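Undergrad: Sequence plus predicted model, see below.
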Amino acid sequence: MIGQLRGRIVEKQPPRLILDVGGVGYEVQAPMSTFFALGRGDGEITLLTQMVVRDDALLLYGFASSGERQLFRELIKVSGVGAKLALTVLSGMNVSDFVATVEADDVARLTGLPGVGKKTAARLLVEMRDKLSGSDIAPTLAPATGDAPAGDNSRGEARNALVALGYKPAEAERLLAGIDTDGLDSEALIREALKRAVR
């Protein structure tokens, strides 16, 4: 089991990144909250990881904080919630927002996320309420690691990332429409689009 990776990001295309660890490139899926926490630099980073074994693949998921990883582990234990949907939930809200949503019994907030219907949202609220009470899940994020200039095709990258997170192409376009892209890189655009999605 791989529990942690430390290395340099060589490719970032949310929700996927490739981390070079001693010359070996690990492909890792990560929620947008982790991408935001990592910053835009090219220095060394540390990711906490969770391996998910499927019949057809071994998948590695990476997180900037132990709270994110713990919440991911709890989410995938909920009936009908797989790793992809858990990643979508963590991309749409941070750990403290999720905890507040469960405590407030806010079905509407969860159904605003792609792939989360009313039944799934209700199941999440019921099952996660017990798991979160008295748990040590906390949104302690790793510090950002430097800055890099925004890419030329940030809008296209943001659209592709939203589609990869489960939004339909037309919905991704709608979420990005009207956002002033001047000076914003793809991660900032995705953050703004996700804020609109959960309103």
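TA: Happy to help now that I have it.
Undergrad: Now the residue nearest to the spatial centre of the chain: closest residue in space, sequence neighbours ignored.
TA: With distances taken as Cα atoms, centre = their mean, the chain has Pro31 as the residue nearest its mean C-alpha position (1.5 Å). With Cβ to Cβ, 6 or more residues apart in numbering as the criterion, Pro31 has its nearest non-adjacent residue at 3.5 Å, and that residue is Leu90. All C-beta atoms are positioned from the backbone trio N, CA, C, and that covers glycine.
Undergrad: and the helix or strand where the one you found lies, what does it pack onto?
TA: The secondary structure element spanning Leu90 is helix 83-92 (assigned by DSSP states H and E). Contact partners of helix 83-92 among helices and strands, from 3 or more Cβ pairs under 8 Å, 6 or more residues apart in numbering; DSSP states H and E: helix 32-38, strand 58-63, helix 66-75, helix 186-197.
Undergrad: Format the ones you listed as CSV; extra columns: distance to Gly82.
TA: Rendered in CSV, the data for the helices and strands packed on helix 83-92 read as follows (distance: least, Cβ to Cβ, whole Å):
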stretch, distance to Gly82
helix 32-38, 18
strand 58-63, 10
helix 66-75, 9
helix 186-197, 20
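Undergrad: would JSON lines of these with mean neighbour count, mean pLDDT and distance to Gly115 be doable?
TA: As requested, the helices and strands packed on helix 83-92 are exported to JSON lines (neighbours: other Cβ atoms under 10 Å; pLDDT from 0 to 100; distance: least, Cβ to Cβ, whole Å):
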{"stretch": "helix 32-38", "mean neighbour count": "24", "mean pLDDT": "85", "distance to Gly115": "15"}
{"stretch": "strand 58-63", "mean neighbour count": "20", "mean pLDDT": "94", "distance to Gly115": "16"}
{"stretch": "helix 66-75", "mean neighbour count": "21", "mean pLDDT": "92", "distance to Gly115": "12"}
{"stretch": "helix 186-197", "mean neighbour count": "20", "mean pLDDT": "80", "distance to Gly115": "12"}
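Undergrad: The ones you listed: which one's closest to Gly112?
TA: Minimum separation from Gly112 across the helices and strands packed on helix 83-92 (Cβ to Cβ) falls at helix 186-197, 5.8 Å.
Undergrad: How are the strands of this structure distributed by residue range?
TA: Counting by DSSP state E, residue ranges of the strands within the chain are 4-13, 16-21, 24-29, 44-53, 58-63.
Undergrad: Parallel or antiparallel, which strands does the fourth one pair with?
TA: Using DSSP bridges, the neighbouring strands of strand 44-53 in the sheet come out as strand 4-13 (antiparallel), strand 58-63 (antiparallel).
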